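Visitor: Quick one: sequence and predicted model below, then my questions.
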Number of protein chains: 2
Amino acid sequence: MAPQAYYSIHPKFHAAVDCIIFGFEEGELSLLLLQRDFEPAKGQWSLMGGFVEEGESLDDAARRVVAELTGLRDLYMRQVHTYGDPGRDPGERVLSTAYYALVDIKKYDHELVKAHNAHWVKLNEIPHLIFDHDRMVQDALRFMRYQAGVKPVGINLLPEEFTLTQLQTLYEAIQGEAIDKRNFRKRIAAMDYIEKTGRIDKTSSRKGAALYRFNQDKYDGNFKI
Amino acid sequence: MAPQAYYSIHPKFHAAVDCIIFGFEEGELSLLLLQRDFEPAKGQWSLMGGFVEEGESLDDAARRVVAELTGLRDLYMRQVHTYGDPGRDPGERVLSTAYYALVDIKKYDHELVKAHNAHWVKLNEIPHLIFDHDRMVQDALRFMRYQAGVKPVGINLLPEEFTLTQLQTLYEAIQGEAIDKRNFRKRIAAMDYIEKTGRIDKTSSRKGAALYRFNQDKYDGNFKI
DNA sequence: ATTATAAAGTGTAAATGCAACACTTTTCTG
DNA sequence: CAGAAAAGTGTTGCATTTACACTTTATAAT
């Protein structure tokens, strides 16, 4: 039996990635969703997705797809799950791998987003999405929440410098419940990898709030030895 | 543009599942691994895997593949991750989704396992595996450990009735560290869904140890209001 | 029959971590 | 200069977790 025969008796499938793109604004989490002006499912809402190309890894495909919509590279992205039920895409059979991405909502490319007819939609205002995208969003949200409870991934949703109030509001949005300010600041103070920059943000209060930044090196250092 | 054209300009890929099959014996976790007497990579060690067929979901493919090797159905299985780097399979490009399965090591079909040249290998004696299967095992182990810390999935590795010593030894194997007996039993006592059967196991002690069983209904009930 | 053995089974006290809680400071605006 | 609006700051009680050692029971050996 020729070496290739081992593979060729088996079917092949389209492979896609679908991206759950999280942003944070006005104290709430939002997703960047497409109001599709293209087939299939034209007119309906969906996640941003795309097919995996030859020679492209799944991770690369997900990064490309997010960059096509937002113009942003080097985002924090994680694979969530792969959805493979026959019939999940009513057109042809497609295996789709969901990724979530965290973006600083101040930074995306507005032109690209407009060109794709995409919109930031607050978490509790999300419309029904096509195919199994609703479930993808649920799974991604659960996974992102879990990860945010374990490591400081949420910081990817904020600008490089942020106030403690912003950070707290973010974590309240992620967890979906209020956090005590003093307990929160105590916890942050114990994280030496969240450090004061010395700069002051005057945009949101008269008194001004200290700006902080995430120090990746110090964070990595906590796990050595 | 014909509806199909949307899909057909994109490449298709082989889709496989690879299964990390956990068992528990002699106080240690083991994996059921193949010593391959077939191509590709004949002679090397690998996970049990198989291609996804037409009309078959990923979950179904994983269940089928595990059943082909063990004869067991209705196992506790969870998707871990999908591996899609080009070149991860040196033959042709294959996207592979890893699943872990938990089996009661007393119950598998010895004939089938022998026919596949598969062997139970203790976790700390696992040889190098082909392709990216080493990484799959690491990812599956981490995920299984996490899940075992959150819900009582480990019970799927034990017979239906088990002693508290067996259960403790299992959790020590999963966590990789010793647990205090009195604290462990206190915690179990607080779980009303782990209940005494009234039967006694005399095989491992002169005194005899009470047998317990997992009550799925009571467990589910704990989450209703 | 007695004793030795081997695992099962059992409670308390200290320490740590987590949650609850309210007022002062600062600066700008009117 | 008075008021507003957000930033910033410690302590105490409660709950959870950890540390820790002896008794009980049935069988096997003598």
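Guide: Everything's here; your move. Residues are numbered from 1 along each chain as shown, chains lettered A, B, ... in the order given.
Visitor: Name the residues of chain A found near chain B, please.
Guide: By CB under 8 Å from any CB of the partner chain, the part of chain A that sits against chain B consists of A:1, A:3-4, A:6-7, A:10-15, A:39-40, A:51-59, A:61, A:79, A:81-86, A:91-95, A:97. Heads up, the C-betas are built off the backbone N, CA and C, glycines and all.
Visitor: Pretty sure A:Gly43 sits against A:Arg36.
Guide: Yes: taking contacts as CB atoms under 8 Å, A:Gly43 lies within contact range of A:Arg36: 6.3 Å.
Visitor: Got a PyMOL select line for the buried ones in the residues of chain A next to chain B?
Guide: Applying 16 or more other CB atoms under 10 Å in any protein chain shown to those, the buried members can be selected in PyMOL as follows:
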select buried, chain A and resi 7+10+12+13+14+15+40+51+52+56+57+58+59+61+79+81+82+83+84+86+93+94+95+97
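Visitor: Can you tell me which of the residues of chain A next to chain B end up in helices?
Guide: A:6-7, A:58-59, A:61 (DSSP state H).
Visitor: Quick check: buried residues in the longest strand anywhere in chain A?
Guide: Under DSSP state E, the strand in chain A containing the largest number of residues is strand A:12-25. Buried residues in strand A:12-25, counting neighbours by 16+ other CB under 10 Å, are found at A:12-24.
Visitor: can you check stretch A:147-157 too?
Guide: A:147-148, A:152-157.
Visitor: a markdown table please, covering those and showing secondary structure and pLDDT.
Guide: Shown next, in a markdown table, are these (DSSP: H, G, I helix; E, B strand; the rest coil; pLDDT from 0 to 100):
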| residue | secondary structure | pLDDT |
| --- | --- | --- |
| A:Gln147 | helix | 97 |
| A:Ala148 | helix | 97 |
| A:Pro152 | coil | 96 |
| A:Val153 | helix | 97 |
| A:Gly154 | helix | 98 |
| A:Ile155 | helix | 98 |
| A:Asn156 | helix | 98 |
| A:Leu157 | helix | 98 |
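Visitor: Name the nearest of those relative to B:His116.
Guide: Distance to B:His116 across the buried residues of stretch A:147-157 (CB to CB) is lowest for A:Gln147, with 36.8 Å.
Visitor: quick one: contacts for that closest one?
Guide: Going by CB atoms under 8 Å, 6 or more residues apart in numbering or on different chains, A:Gln147 touches A:78, A:153.
Visitor: That one and A:Val153: what is the separation?
Guide: 5 Å (CB to CB, to the nearest Å).
Visitor: ok, now A:Arg182?
Guide: A:Arg182 is 24 Å from A:Val153, by CB to CB.
Visitor: Could you do A:Gly49 as well?
Guide: 22 Å.
Visitor: Can I get the helix or strand of chain A with the lowest mean pLDDT in CSV? Just the C-alpha atoms.
Guide: Ranking every helix and strand in chain A by mean pLDDT, DSSP states H and E puts helix A:5-8 at the bottom, with a mean of 79. Written as CSV, here are the backbone C-alpha positions of helix A:5-8 (Å, rounded to 0.1, in the frame of the first residue of the first chain):
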residue,chain,number,x,y,z
ALA,A,5,-3.3,5.5,0.6
TYR,A,6,-3.4,5.4,4.3
TYR,A,7,-4.8,8.9,4.3
SER,A,8,-6.6,9.1,1.0
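Visitor: any idea how far the residue nearest the centre of chain A is from chain B?
Guide: For chain A, A:Ala101 is the residue whose C-alpha lies nearest the centre (CA atoms, centre = their mean; 2.2 Å). Applying CB to the nearest CB, to the nearest Å, the value for A:Ala101 to chain B is 17 Å.
Visitor: Can you classify that residue by secondary structure?
Guide: Three-state call for A:Ala101 (DSSP: H, G, I helix; E, B strand; the rest coil): strand.
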